[in-house]
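Visitor: Give me a 3D structure for the following:
(chains A and B)
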Amino acid sequence: MRDGAVTDELALAAFAADTGTHLVVEPKDARFARFCRRFDEAAFRKRLDEAGVRWLPRSDPAFPGALRSIFDPPAGLFLRGRGAPELLDRPAVAIVGARACSPYGRHVARAFGRELAAAGLVVVSGMARGVDGEAHRGALEGGGVTVAVLGCGVDRNYPAGHAELARRIGADGLVVSEYAPGVEPAPWRFPARNRIVAGLAQATVVVEAREKSGALITADLALEEGREVFAVPGEITSALSAGTNALLRLGATAATSVADVLESFGLEIGDRQAPDLSPPAEAMLARLADGPASADELVRGLGLEAGAVAAALGELDLHELLTETSGIYRAATRR
Amino acid sequence: MLTHALVGLDARRVEVEAHVELGNPAFTIVGLADRACQEAKHRVRSGIASAELFFPSRHITVNLAPADLRKEGSGFDLPIALAVLGASHQVAPERLAAHTAFGELALDGRVRPVGGVLAAAEGARREGMERMLCAAESAPEAALAGIEPVPVEHLGEAAAYLRGEAEPAPYEPCAFVASERAAHPDLADVRGQERARRALELAAAGGHNLLLAGPPGTGKTMLARRLPGLLPPLGPDEALEVTRIHSVAGLLSPERPLVRDPPLRAPHHSASMAAIVGGGRSAHPGEVSLAHRGVLLLDELPEFMRPALEALRQPLEDGVVSVARAEGRAVYPARFQLIGTMNLCPCGARGDPAVECSCSPQRLASFRDKLSRALLDRFDLVVTVPRPRAGELAAGPSEASAAVAERVDAARELLAVHTPRRTVEADQLLSRAVERLPLSGRGRARVARVARTAAALAGVEDVRPEHVAESLAYRSPRELEPM
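Guide: Numbers count the residues shown, from 1 in each chain, chains lettered A, B, ... in the order given. Have a look, this model is predicted:
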């Protein structure tokens, strides 16, 4: 071969993109050798620079150790965003789950993303719709750093509706992929993407998953690599919880609060100053601790005027003590 | 003979001239008359014959001047018939000159009411005319313009009156007395839904646009239809303004010639853009104008065609809509209160604890995309109406519309004389919300507006933190935000 491993890895990634294949080791065939002879590294790097994409090869010391240690680490990662490559080496947690999730899954993903990021962990996910997107959004809300792993080139915003989310992720974090810019998303690439999600993180939290879902593949890969797997328990009657409940039966740790996950990192949730609440808001918080309720139920249960209930809801919302989905209010996940 | 043609809501002076000369019997109407107007010759001929008057067997030419103004509709029947009678010396032409006329003829000579009498009568009044011949049913409407109506049931009566053989028939003038609000369905029929009722009260008091979102069968439409019943009756000027539009659209009933209550318009979601904002060949008023000073209810908002929804933005902003068409251009007032209802997802299961939503992410995304951010931003109040859950505490009997309307009236009076100001604490709360939630500039203005209304409903002079907090609770639900 030519000059050193760095170039070979880039050539490998370029060759994979060119031939539409998935490769982590150099093939010993003539086609690859021919490709290497033709490969114009300078031009390829120039195109990367122009697209604002960085290349982090497997052999680079900054390449995350956790990912390098998996069974089939990628040849390298293409990076987009302003985050430093070193943040990939920080303690990270993956949050994955169904794309068509329930309001409950959406809420939990967002709350976990927010709290785990606020505690200083890097939140890794796949930027898909549903749980993935909510986890990223939660992490951004929590003021933390988050990394999105794509199953296509990092120049592509997939799904297209997440273009703005990708931009926000890239403001402090990274959008990464093992695929060279220009590679189109394809169903078979997503399981491969999931191994990177699992590989970057020391622990994986599955929020909602149907049976045989991509999130379960991520969990399996994490287990194979000996990483911690958490599953958020769900209703046994819901198809969306079949996958997570199956994980629990197989011995995954139940994530019943953010603290359960933080514990495995040896972290604790910071004490928060209890905000100064008005008496109706206090009463409402106590009522919501018993279970979710609609505004109308709160009116009747608390014996308040509808206007006063709305005021208390607004107050709690501002203190991030409550979330709403489809008109049902829940107390926000806390310690 | 003078009459008026309508261009939008404007009445333009039209002179009807008739000329009878020797020659082969013929009847021609010239002067850009549309089809309904051209057919007038058959109605006029048969009407004159039925009234036992003489239809001259000569060459008759009727000219509608100015010749370059397009005339449409059947309101020209009566003036054309009278002009013919004048030209054939069956009534005195100088008597005719003191009158204006507007009405359609039946084949048996009866005079039928047509739309737009109020606008035409106002036009005549501006021209200094004092008397207007019109159908008996239209007389109270014409009287609203301050003109003396001469109600006629039959062309024969009109001729007799013009010859001085008969006195004009009396008519029932309509007074500007506020009507009972009984015509509207009552809020007492709606059990529970305390939050949505509160939002409705705020909407009524502050004139806010309201969006009710929730699964089917939770009473969203039922609630929405009760909004007009909470609004105060129209003032005299407003009533005239609304009546004029409804008159042009031909929507007035003879029993209620003056629209005294805020109108409610609820077009079906298949309505085209032209039906919503106005249009057609000659720019007729659309639903937004018919809902002027009242309520435009768009049931199942996302089912409307996107161009129709986007076209709402101009009237929502400016209170007027200008419609330009090949055969006319018109500016109509369109200051209405918008109330929309919608499901939370295409299958409708979201917000219903008993059913699981089966929508794919793509379907959800395209559902959400139907409503632009710009349109959603125009709703000051957004309320999610979930389906009541099993085992929920049963709601007690509900308050009637009359009680709510009293509070609404009081709040409106307060807002009319005084704009509540935010206290320092309320201002701090709002600033924190802008930062934390976060709120856009437009979102902030919306919260501030609703908070003012909440303060007025509470009967206090300044906006306190609880009012700001309350208005924060009526923002778009998560379901409507981009995923």
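
Visitor: Assign a three-state SS to B:E17, would you?
Guide: The three-state label for B:E17, taken from DSSP: H, G, I helix; E, B strand; the rest coil, comes out as strand.

Visitor: Wait, it touches B:I60, no?
Guide: No - checked against C-beta atoms under 8 Å, the pair B:E17 and B:I60 is beyond contact range at 11.1 Å. Backbone N, C-alpha and C define where each C-beta goes, glycine included.

Visitor: Among those two, which residue is more densely surrounded?
Guide: The residue with the greater number of neighbours, taking B:E17 and B:I60 and applying other C-beta atoms under 10 Å in any protein chain shown, is B:I60; the counts read 25 against 16.

Visitor: Quick one: mean pLDDT for the host helix or strand of that one?
Guide: Counting by DSSP states H and E, the secondary-structure element that holds B:I60 is strand B:59-65. The pLDDT scores in strand B:59-65 average 90.

Visitor: buried stuff in stretch B:417-430?
Guide: Residues B:P420, B:R422, B:T423, B:A426, B:L429, B:L430 are the ones in stretch B:417-430 that count as buried (16 or more other C-beta atoms under 10 Å in any protein chain shown).

Visitor: what do you get for stretch B:396-415?
Guide: Taking 16+ other C-beta under 10 Å as the neighbour-count basis, stretch B:396-415 is seen to contain the buried residues B:S398, B:E399, B:S401, B:V404, B:A405, B:R407, B:V408, B:A411, B:R412, B:L414, B:L415.

Visitor: And for stretch A:106-122?
Guide: Using 16+ other C-beta under 10 Å as the test for burial, stretch A:106-122 gives A:106-119, A:121-122.

Visitor: just stretch B:82-95 next, same as before
Guide: B:L82, B:A83, B:V84, B:L85, B:G86, B:A87, B:S88, B:Q90, B:V91.

Visitor: which stretches of chain B have low pLDDT?
Guide: Judged against pLDDT under 70, the low-scoring parts of chain B cover residues B:8, B:174-182, B:254-255, B:281-282, B:326-328, B:390-393, B:438, B:477-483.

Visitor: Break it down into its domains, please.
Guide: Under the assignment automatic domain parsing, the domains of chain B span B:2-162, B:186-387+B:399-480.

Visitor: Next, the contact list for A:V24, please.
Guide: Taking C-beta atoms under 8 Å, 6 or more residues apart in numbering or on different chains as the criterion, A:V24 is in contact with A:D72, A:P73, A:P74, A:A75.

Visitor: A:S102 is in contact with A:V131, correct?
Guide: No - counting by C-beta under 8 Å, A:V131 stays clear of A:S102, with 9.9 Å between them.

Visitor: list residues touching both of those two?
Guide: Taking C-beta under 8 Å, 6+ apart as the contact criterion, the common neighbours of A:V131 and A:S102 are A:E208.

Visitor: who has more neighbours, those two?
Guide: When A:V131 is set against A:S102 and neighbours are counted by other C-beta under 10 Å, the residue ahead is A:V131, at 33 against 24.

Visitor: now the more buried one: how far from chain B?
Guide: When distance is defined by C-beta to the nearest C-beta, to the nearest Å, A:V131 is 11 Å away from chain B.

Visitor: from the buried residues of stretch B:417-430, which single one is nearest chain A?
Guide: The shortest distance between chain A and any of the buried residues of stretch B:417-430, using C-beta to the nearest C-beta, involves B:L429 and amounts to 7.4 Å.

Visitor: so the closest one is in which element?
Guide: Assignment of secondary structure by DSSP H and E places B:L429 within helix B:424-436.

Visitor: what's that helix in contact with?
Guide: Residues outside helix B:424-436 that contact it (C-beta under 8 Å, 6+ apart) are A:318, A:320, B:422, B:439, B:444, B:447-448, B:451, B:462-465, B:467-469, B:472.

Visitor: switch to 10 Å and redo it
Guide: Contacts made with helix B:424-436 from outside it, assessed by C-beta atoms under 10 Å, 6 or more residues apart in numbering or on different chains, are listed as A:141, A:314-315, A:317-320, B:420-423, B:439-441, B:443-444, B:447-448, B:451, B:455, B:462-469, B:471-472, B:475.

Visitor: Could I get the full set of strands for the stretch 1-150 of chain B?
Guide: Chain-ordered strands for the stretch 1-150 of chain B, with DSSP state E, counting those that start in this stretch as the definition, fall at B:2-7, B:10-21, B:26-30, B:59-65, B:99-102, B:104-105, B:111-112, B:131-135, B:148-152.

Visitor: same question, chain A
Guide: Counting by DSSP state E, residue ranges of the strands within chain A are A:54-57, A:76-80, A:92-96, A:122-125, A:146-149, A:174-177, A:203-206, A:228-231, A:253-254, A:293-294, A:322-325, A:328-331.

Visitor: With chain B as the reference, name the closest of those strands.
Guide: Closest among those, once you apply C-beta to the nearest C-beta, is strand A:293-294, at 4.8 Å.

Visitor: Work out the sheet partners of the closest one and label each with its direction, please.
Guide: For strand A:293-294, the paired strands and their directions (DSSP bridges) read strand A:328-331 (antiparallel).

Visitor: mind saving the C-alpha coords of the strand it pairs with as CSV?
Guide: Written as CSV, here are the backbone C-alpha positions of strand A:328-331 (Å, rounded to 0.1, in the frame of the first residue of the first chain):
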residue,chain,number,x,y,z
ILE,A,328,-52.9,15.3,29.9
TYR,A,329,-50.5,16.8,32.5
ARG,A,330,-47.8,14.8,34.3
ALA,A,331,-45.4,15.8,37.0
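
Visitor: List the residues that contact B:L230.
Guide: Contacts for B:L230 were tallied using C-beta under 10 Å, 6+ apart; they are B:181, B:184, B:187, B:197, B:200-201, B:203-205, B:262, B:295, B:401-402, B:404-409.

Visitor: Find the nearest non-adjacent residue to it, please.
Guide: When the adjacent residues along the chain are set aside, B:L230 lies closest to B:A204, with 3.8 Å between them (C-beta to C-beta, 6 or more residues apart in numbering or on different chains).

Visitor: what number of residues lie near the one you found?
Guide: By the criterion of other C-beta under 10 Å, B:A204 has 30 neighbours.

Visitor: coming back round to it: so what's in contact with B:E17 and B:I60 at the same time?
Guide: The overlap between the contact sets of B:E17 and B:I60 (C-beta under 10 Å, 6+ apart) consists of B:I80, B:A83, B:A87.

Visitor: Which of those fall within helices?
Guide: Secondary structure assignment (DSSP state H) places B:I80, B:A83, B:A87 from those within helices.

Visitor: Enumerate the beta-bridge partners assigned to the closest residue to the last one other than its chain neighbours.
Guide: Nearest in space to B:A87, with sequence neighbours left out and distances taken as C-beta to C-beta, 6+ apart, is B:A18 at 3.9 Å. Under DSSP bridges, the beta-bridge partners of B:A18 are B:V62.

Visitor: and B:A18, how far is that from chain A?
Guide: As for B:A18, its distance to chain A is 67 Å (criterion: C-beta to the nearest C-beta).

Visitor: wouldn't that residue be in contact with B:H89 here?
Guide: No - using C-beta atoms under 10 Å, B:A18 and B:H89 do not qualify as a contacting pair, with a distance of 11.3 Å.

Visitor: what's the overlap in contacts for these two?
Guide: Common neighbours of B:A18 and B:H89 (C-beta under 10 Å, 6+ apart) are B:P56.

Visitor: Pull the number of nearby residues for B:L211.
Guide: Around B:L211 sit 29 other residues, with neighbours defined as other C-beta under 10 Å.

Visitor: Tell me which residues of stretch A:24-38 come out buried.
Guide: Judged by neighbour count (16+ other C-beta under 10 Å), stretch A:24-38 contains these buried residues: A:V24, A:E26, A:F32, A:F35, A:C36.

Visitor: Look up how far chain B lies from A:A252.
Guide: Note on A:A252: its distance to chain B, by C-beta to the nearest C-beta, is 24 Å.

Visitor: cool, and A:E315?
Guide: When C-beta to the nearest C-beta is the yardstick, A:E315 and chain B sit 4 Å from each other.

Visitor: Looking at that residue now. What's its pLDDT?
Guide: Per-residue confidence for A:E315 comes out at a pLDDT of 89.
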